[in-house]
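Novice: Sharing a model prediction with you, sequence too.
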Amino acid sequence: MKIKKFLTAMLLVLCAAVWMNVQAQDPADDANLDTQLYLIVGTNQEVDDAKLPAALDPVVKQLRATLPFKNYRLAATLINRVKNEGRLDLSWIGGPLASPTGAATAATPSFSQFKVRQVKLVRNSENQPMVQMLGFNFGARIPVQTPVSVASTSGTFPTTVAYENTGVSTDISMREAEPVIVGTLNIGPSGDAIILVVSAKKTAK
């Protein structure tokens, strides 16, 4: 009888311990985040479509106040889902970085990579939800045309294509769902620039 009571008591203790462990788990541990990387091209040339998403209005206002470009256009939006405390690694050839340089073709495409070592939900000193991106890295190899100093038999100056490396690496912390400017990258002699804007928010299950 004593053994039965002892086993019953032990079972109750184990059940209580399991319940307390479940309650102690942070719900953020199983959360997913939707991340968005916006590639915006700043240029002094006329653009066919200068309209940007409404979510980027605060960013565009900041850009117009700090950078000397006449126009901005959205080159691409990269959307990815990642588990809380997970990582991102995305590479692609050609695409949105081709048009600003004037040199990207099927034979000489651009190469780009977007990586984040860890995306993590945190809270600041005021207990507000924040998203931390550790090891944020964006890099691109972009073809740039340069004229050759010797004229051809037709009297024109031929061009050569050389690849220019550009990129940014940093750690950032931002409010959830609020786009922030990460950096500005020069993309060759055209004077154009790529502005990197990123945002992330917790997804609904």
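Specialist: On my side now, so go ahead.

Novice: Could you give the bridge partners of Ile133?
Specialist: I think there's a mix-up here, since residue 133 is Met and not Ile. Following DSSP bridges, Met133 is listed with bridge partners Val119, Ile172.

Novice: Let me know the pLDDT of it.
Specialist: Reading off the confidence values, Met133 has pLDDT 98.

Novice: Give me the contact list for stretch 160-168.
Specialist: Outside of stretch 160-168, the residues within contact range by Cβ atoms under 8 Å, 6 or more residues apart in numbering are 103, 108, 136-146, 148, 182-183, 185-188, 194, 196. Any C-beta I mention is one placed from the backbone N, CA and C, and that applies to glycine too.

Novice: Let's see the PyMOL selection covering just the buried ones among those.
Specialist: Selecting only the buried members of the contacts of stretch 160-168 in PyMOL, with burial defined as 16 or more other Cβ atoms under 10 Å, works like this:
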select buried, resi 103+108+136+137+138+139+140+141+142+143+144+145+182+183+185+187+188+194+196
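
Novice: Could you tell me which of the contacts of stretch 160-168 are located in helices?
Specialist: In this view, those have no member that belongs to helices under DSSP state H.

Novice: helix or strand for Gln36, which one?
Specialist: Gln36 is part of strand 32-43, with elements assigned from DSSP states H and E.

Novice: Point out the other helices and strands that that strand packs with.
Specialist: helix 57-66, strand 71-83, strand 111-123, strand 193-202 (3 or more Cβ pairs under 8 Å, 6 or more residues apart in numbering; DSSP states H and E).

Novice: Could you list every helix and strand in contact with the first one?
Specialist: Looking back up the chat, that one is helix 57-66. Packing contacts for helix 57-66, counted by 3+ Cβ pairs under 8 Å, 6+ apart, involve strand 32-43, strand 71-83, strand 180-186.

Novice: residues in contact with the residue most central in space within the chain?
Specialist: In the chain, the centroid-proximal residue (Cα atoms, centre = their mean) is Leu37; its distance is 3.6 Å. By Cβ under 8 Å, 6+ apart, the contact list for Leu37 reads 77-78, 80, 114, 138, 196-198.

Novice: Grab the nearest non-local neighbour of it.
Specialist: Excluding its sequence neighbours, the residue lying closest to Leu37 (Cβ to Cβ, 6 or more residues apart in numbering) is Leu78, at 4.3 Å.

Novice: what's near enough to touch the one you found?
Specialist: 36-39, 90, 114.

Novice: Please apply the same query to Val47.
Specialist: Counting by Cβ under 8 Å, 6+ apart, Val47 makes contact with 71-73.

Novice: how does it look with 7 Å?
Specialist: The contact partners of Val47, taken as Cβ atoms under 7 Å, 6 or more residues apart in numbering, are 71, 73.

Novice: Surely it is in a helix?
Specialist: No. In this structure, Val47 is coil, not part of a helix, as judged by DSSP: H, G, I helix; E, B strand; the rest coil.

Novice: How much space separates it from Thr184?
Specialist: Shown here: Val47 relative to Thr184, a distance of 17 Å by Cβ to Cβ, to the nearest Å.

Novice: Mind putting the contacts of Leu37 into JSON lines with pLDDT?
Specialist: Shown next, in JSON lines, are those (pLDDT from 0 to 100):
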{"residue": "Thr77", "pLDDT": "92"}
{"residue": "Leu78", "pLDDT": "93"}
{"residue": "Asn80", "pLDDT": "95"}
{"residue": "Phe114", "pLDDT": "95"}
{"residue": "Phe138", "pLDDT": "96"}
{"residue": "Leu196", "pLDDT": "96"}
{"residue": "Val197", "pLDDT": "97"}
{"residue": "Val198", "pLDDT": "97"}
